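Q: Sharing a sequence plus its predicted fold:
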Amino acid sequence: MLKKVNLGTVTRIEVDGESIFKYLFLEFGAAIRGFQYMRKVIGIDGTFLKGPYKGVLLVATAQDGDNKCYPIAWGIVDSENEDAWTWFLTRLREVIGDTDELVFVSDRAQSIKTAVSTIYEKAQHSACVWHIV
């Protein structure tokens with residue numbers, strides 16, 4: 001349904017060998033088209049999901065010309081680890097590519113640092129000042 005009403009939307013679902021949910025990636029077509037006009041600084045982070053369905057929500061956001069958050073992509077993964085970040089960032093790269101103009105900002109989690117440097121060879125990665133202080 002999403003792909004019909006929001007052309008260009010990218011969704012990916014991965015399950016394990018027993019067909020049990022593992023990863024989800026979602027990027028709306030409108031977000032993909034609009035990203036070309038955003039600053040090429042992407043904030044990435046994860047937060048734990050609470051309730052009956054556990055996991056981690058991953059998010060990638062940019063910033064528009066009015067300094068407002070511009071959501072790019074979301075993911076739901078089993079846990080915030082190197083495999084999950086690598087999977088999420090690989091899906092993101094398939095859509096937005098890799099250029100030396102890109103800068104990723106995140107907390108200082110080693111899993112993010114490793115995944116960014118593996119998937120985005122041209123992009124830069126830096127730590128968020130909030131997480132340094």
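A: Received the coordinates, thanks.
Q: hey, which helix or strand in this protein has the poorest pLDDT?
A: The weakest-scoring helix or strand in the chain, judged by mean pLDDT, DSSP states H and E, is helix 129-132 (a mean of 53).
Q: Quick check: what element follows the longest helix belonging to the chain along the chain?
A: Criterion DSSP state H: the longest helix present in the chain is helix 82-96. Counting by DSSP states H and E, the next helix or strand C-terminal to helix 82-96 is strand 103-106.
Q: got the CA coordinates for that next one in PDB?
A: Provided in PDB are the C-alpha atoms of strand 103-106 (Å, rounded to 0.1, in the frame of the first residue of the first chain):
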ATOM      1  CA  VAL A 103      28.700  13.400   7.300                       C
ATOM      2  CA  PHE A 104      27.200  11.000   9.900                       C
ATOM      3  CA  VAL A 105      26.700  12.200  13.400                       C
ATOM      4  CA  SER A 106      26.000   9.700  16.200                       C
END
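Q: ok so, going back, which residues are contacting the longest helix of the chain?
A: When contacts are defined by CB atoms under 8 Å, 6 or more residues apart in numbering, helix 82-96 is touched by residues 10, 12, 14, 23, 25, 27, 32, 35, 44, 56, 58, 60, 72-73, 75, 77-78, 102, 110-112, 114-116, 118-120. Glycine gets a C-beta too; all of them are placed from N, C-alpha and C.
Q: ok, now stretch 26-33?
A: For stretch 26-33, using CB under 8 Å, 6+ apart, the contacting residues are 2-3, 6-11, 70-75, 91-92, 95-96.
Q: and the spatially most central residue of the chain, what does it touch?
A: Geometric centre of the chain, nearest residue: Ala60, 3.9 Å, by CA atoms, centre = their mean. Shown in contact with Ala60 (CB under 8 Å, 6+ apart): Ile42, Gly43, Ile44, Pro71, Ile72, Ala73, Trp74, Phe88, Leu92.
Q: give me the number of residues near the residue nearest to Gly8 when sequence neighbours are not counted?
A: Spatially, and ignoring its direct neighbours in sequence, Gly8 is nearest to Gly29 (2.9 Å; CB to CB, 6 or more residues apart in numbering). By other CB atoms under 10 Å, the residues close to Gly29 number 16.
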